[in-house]
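[1] sequence first, then the predicted structure, then my questions.
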Amino acid sequence: MQTFIEHTLRKHRLRHTDCRVEVLEIFQKYTFALSHSDLESRLAGRFDRVTLYRTLKTFLEKGIIHKVLDDEGTPKYALCSHQCDDVVHHHNHVHFKCDTCGHTQCLDDVIIPAVTLPKGFEAKEFNLLIQGYCNTCLKK
């Protein structure tokens, strides 16, 4: 039986490299979005910054991960939960950032309300960030 990682790399026609495997393992392990520096610290220096950057860029282009924007301005990344590929990304969903732990999570089941833009404007993508307290921090 193929693992998620093997399936993902094969599906997107990517070579099996140590960096790609380890980055996907990290994304699988965490339910919140991770920045480049978050990944660097979790990889403990096993790969240089450029290799990690290229891996993230490739994963973005192939539709394996998507960019998550929050109020800090530093891009974070999360696994795509939909059937994304290098042509179509489906990421018009809500992101939630906890004021206590600082984690930003995708809320795929929360629907973004319809937005009517002025004449002459066309939306390409939506980013909606809600801030508050996550269920883990509320329990503490």
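    Cool, the structure landed.

[2] could you list the low-pLDDT ranges of the protein?
    1-2, 82-91 (pLDDT under 70).

[3] spatially central residue in it, please.
    Ala78 (1.6 Å; C-alpha atoms, centre = their mean).

[4] show me the contacts for that one.
    27, 32-34, 65-66, 68, 105-106 (C-beta atoms under 8 Å, 6 or more residues apart in numbering). C-beta: built from backbone N, CA, C; applies to glycine.

[5] one more time with 7 Å, if that's ok
    33, 65-66, 68, 106 (C-beta atoms under 7 Å, 6 or more residues apart in numbering).

[6] mind checking how far it is from Leu128?
    Distance check for Ala78 against Leu128: by C-beta to C-beta, to the nearest Å, it reads 15 Å.

[7] for Phe96, same thing?
    On the measure of C-beta to C-beta, Phe96 and Leu128 end up 9 Å apart.

[8] the more surrounded of those two?
    Between Phe96 and Leu128, counted using other C-beta atoms under 10 Å, Phe96 has the larger neighbour count: 20 against 16.

[9] chain center to the helix or strand containing that one: distance?
    Assessed by DSSP states H and E, Phe96 sits inside strand 94-98. On the basis of C-alpha atoms, centre = their mean, to the nearest Å, strand 94-98 sits 12 Å off its chain's mean C-alpha point.

[10] which strands and helices lie in contact with that strand?
    Identification of packing neighbours for strand 94-98 by 3 or more C-beta pairs under 7 Å, 6 or more residues apart in numbering; DSSP states H and E yields strand 104-107, strand 128-132.

[11] each with direction, which strands does the shortest one pair with?
    Taking DSSP bridges as the criterion, strand 104-107 forms sheet pairs with strand 94-98 (antiparallel).

[12] please apply the same query to the last one.
    Here strand 128-132 has these sheet partners by DSSP bridges: strand 94-98 (parallel).

[13] tell me which residues of the strand it pairs with come out buried.
    Buried positions in strand 94-98, judged by neighbour count with 16 or more other C-beta atoms under 10 Å: 94-98.

[14] let's see that strand as CSV, backbone CA atoms only.
    Provided in CSV are the C-alpha atoms of strand 94-98 (Å, rounded to 0.1, in the frame of the first residue of the first chain):
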residue,chain,number,x,y,z
VAL,A,94,-11.3,30.7,6.0
HIS,A,95,-8.1,30.8,8.0
PHE,A,96,-8.1,31.1,11.8
LYS,A,97,-5.3,32.4,13.8
CYS,A,98,-5.2,31.8,17.6
